[in-house]
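J.: Sharing a model prediction with you, sequence too.
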Amino acid sequence: MKYIGTLLLVFFFLIGSDSLGQRKKVGLVLSGGGAKGVAHIGVLKVLEEAGIPIDYISGTSMGAIVGGLYAVGYNARALDSMVRVQNWPFLLSDRVYRDNLPFSEKEINGKYLISLPLAQGKGLTVPAGFVSGQNIYNLFSELTIGYHDSIAFKDLPISYACVAANMVNGKEVVLKSGSLPLAMRASMAIPGAFAPVILDSMVLVDGGISNNFPVDVAKDMGAEITIGVDLSMGLKGMEGLNSIMGIVDQLTSFMGMRSYNKNRESVNLYMNPDLKGYSAASFTPEAIDSMILRGERVARANWDKIMELKKQIGLEEDESASPHIENPFLRTDTLRLGTIFIEGIKETDERWVRRQIGIREFSTITLKDLHRAIAFLYGTGAFSHVSYVLNGDDLYDLTLKLKEKPASSLNLGFRFDSEEMASILLNTTLSHRTLRGSRLSLTGRLNKNPYALVEYSFGNTFLRKVGLSYMYKYNDINLYERGVKVDNLTFSYHRADLSMSDIYLRNFKFLIGLRYEYFRLMSNLYNSDYLPDRISSKGFISYYASAHFDTYDKKYYPDKGVSFKAEYSLYTDNMVNYEGRTPFSALMVDFEPAVRLTRRVYLMPAVYGRVLIGRHVPAPYLNCMGGEMAGRYFSQQLPFYGLRHLELFDNSLLVGRLALRYRLGARHYVILTGNYARQSENFWDILKEGNNIWGGGAGYAYNSIIGPISVTFGLSDWDTKFGVYFNLGYYF
């Protein structure tokens, strides 16, 4: 009996010890708040330092993003590093780095202010959100590699759930399973700003509409003690409602007020960082640094409460929680691929896409290679969304998910400058297939010298095997001699092109073709001797070849890259000779690299020129130069700072230019430019006895969302009058 009693005491002691060792389960609740959500990271730093275990995470919007990444193994230190290195303006847009655009898109990029798709059978369509979320979704995919399968989120290293709202019925949706990056993307889809996520029969948007502080979700998951980080700052007064973000934030607060008040009352430890002065769009490096610090500050201010809560959890003050599981992809960027699947396109197009992306099955690639392939496909303009899924463990099967967008579009461009005043560019592109097939483009420009252009091509996005085009242009052009107006030409211009081969690669375009041009002279106002006496209405047939290599990182104000253009044309009037003599020809070359000297200072040297070969060259093809925009009035027009107006020059014209650009801020520039030109009738004499022309300019430019806004002051020794040029909008 004595031994039995002893054994019972030991048994009950062990049971008691085990029950005492059972700590309570902790749920972490992270609210939404856009950029303000980085403050969650500061709180996490302190919770880790205090040894607080986290068993469940529930979050909304930015809280869902931080919480989801924390749940798969990104500790506070890793999250801190991650948010600081991101290019947030790029991530929160659908832009593609220009390096990844095919050449056909580079030519269009930076020309149109508005581009709207034309869906077959539906006409003009407006996107469901200002941003489709292409870039941010692929960041989520990169950061959650290993968790792309459809899984239960309770099986993540930390059990996780996030909140979205269903626009179909207005109800709250708690996402507890499925694709983790898709769930995070749905939870932060701010209505009107980001396109919603279509999942099953639901249209999911930002969960802040229904439950921005989901304490109840954490409790339903099993949390016995909850720690909540709330980024709201209460309802705004009139002074806080002077922006779109302020109004959206206020509407979100109103709609989720009932659940918010209930959840705030039920949380065990409530923390609200002081984020006054910051908004959901405060993604600058300085703001991110400050908001993380403020999150850490509010947690340290609650240190005693955290320690008291730790005792309630069942841990001693100096006892540490289990270490946070580290995500294995923090220290690697290399993947071993197995099979590659492509979804969303036809089988004939699938073979073509495989060739274009440059990724092979059963190979080793870097994440950079994968990102480049995704960006390249999205940059073609053929898809409204391009994403990927990696399934597996050590060997990953890659699934590319492509969603073709309407092949047709309506585009609008606008420019105002001191030379031609207002200009409007209208374009519609009609195509029955996005990737391959025929394409018809109609373009019209409305300004002092309007034109209409019809283009038809057949091939695919990258290789136009056959192209036909016709242009009609009305011209009213003033000609100057050393700054003095000496003539005015009014004529109509007709041009028909047949391109035999039109090759577009990522950074290179090559074109050969046959062209017919007809100049119909309407008036020669001053009848001066400035123009040759051989000006008249006449038609010309030419053979041409052109090449363009372009690696600029930006179309306007590039930081790096080079542009090289070369074009040769042979002119006849009967496809064999010109006026019974040998045909004349023209060679044009333009080389312009961008050289970075410091973080803010850039050099833009340039060498360009044009040489006419042959005698009796008619007036429409004579060399001309002036203004800042190449090809403004004639396709052969060369720019020259300090030369305000269009002037004619000798048969050989060579220009050297050097621009020094200083970046004042993210988009503000001061630019100093000097250029020097030499002209001669014979190219081989241009360095010996050519005439010198000096000029230069100084100006300010702002690279706005509606295009460059610039003002330039210039002067040259050829045109000795001081000139001012102003531009607003994209060049076309």
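T.: Structure received. Residues are numbered from 1 along each chain as shown.

J.: for the protein, which residue is closest to the average position?
T.: For the chain, the residue nearest the mean C-alpha position is Arg95 (1.5 Å; CA atoms, centre = their mean).

J.: what are the phi and psi values for that one?
T.: phi -70, psi 160 (degrees, to the nearest 10).

J.: That one: what's it in contact with?
T.: Neighbour list for Arg95: Asn135 [criterion: CB atoms under 8 Å, 6 or more residues apart in numbering]. The C-beta positions use only the backbone N, C-alpha and C, and glycine is treated the same way.

J.: Let's see that with 6 Å instead.
T.: By CB atoms under 6 Å, 6 or more residues apart in numbering, no residues touch Arg95.

J.: So which elements touch the helix or strand where Glu286 lies?
T.: Per DSSP states H and E: Glu286 is located in helix 285-301. Packing partners of helix 285-301 (3 or more CB pairs under 6 Å, 6 or more residues apart in numbering; DSSP states H and E): helix 39-50.

J.: From the chain's centroid, how far away is the helix it packs on?
T.: From the chain centre to the centre of helix 39-50 is a distance of 33 Å (CA atoms, centre = their mean, to the nearest Å).

J.: which residues are contacting the next helix or strand after that helix?
T.: Where DSSP H and E defines the elements, the next helix or strand beyond helix 39-50 is strand 56-60. Residues outside strand 56-60 that contact it (CB under 6 Å, 6+ apart) are 27-30, 32, 67, 71, 158-163, 187, 207-208, 212, 214, 217-218, 221, 223.

J.: Just the buried subset of those residues, please.
T.: For the contacts of strand 56-60, a burial check counting by 16 or more other CB atoms under 10 Å picks out 27-30, 32, 67, 71, 158-163, 187, 207-208, 212, 214, 217-218, 221, 223.

J.: Heading C-terminal from the longest strand along the chain, find the next helix or strand.
T.: Longest strand of the chain, by residue count under DSSP state E: strand 484-504. On the C-terminal side of strand 484-504, the closest following helix or strand by DSSP H and E is strand 508-524.

J.: before we move on, back to that, can you pull the buried residues of the very next helix or strand once past the helix holding Glu286?
T.: For helix 285-301, the following helix or strand on the C-terminal side (DSSP H and E) is helix 303-313. Within helix 303-313, the residues that count as buried by 16+ other CB under 10 Å are Ile306, Leu309, Lys310, Ile313.

J.: In JSON lines: these, plus distance to Leu398 and pLDDT.
T.: Putting these into JSON lines (distance: CB to CB, whole Å; pLDDT from 0 to 100) gives the following:
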{"residue": "Ile306", "distance to Leu398": "43", "pLDDT": "95"}
{"residue": "Leu309", "distance to Leu398": "44", "pLDDT": "93"}
{"residue": "Lys310", "distance to Leu398": "44", "pLDDT": "92"}
{"residue": "Ile313", "distance to Leu398": "42", "pLDDT": "92"}
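
J.: Closest to Pro583 out of the residues you listed?
T.: Ile306 (86.3 Å; CB to CB).

J.: wait, what's in contact with the closest one?
T.: Ala50.

J.: rewinding a little: JSON lines for the buried residues of helix 303-313, including distance to Val711?
T.: Output for the buried residues of helix 303-313, formatted as JSON lines (distance: CB to CB, whole Å):
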{"residue": "Ile306", "distance to Val711": "57"}
{"residue": "Leu309", "distance to Val711": "61"}
{"residue": "Lys310", "distance to Val711": "63"}
{"residue": "Ile313", "distance to Val711": "64"}
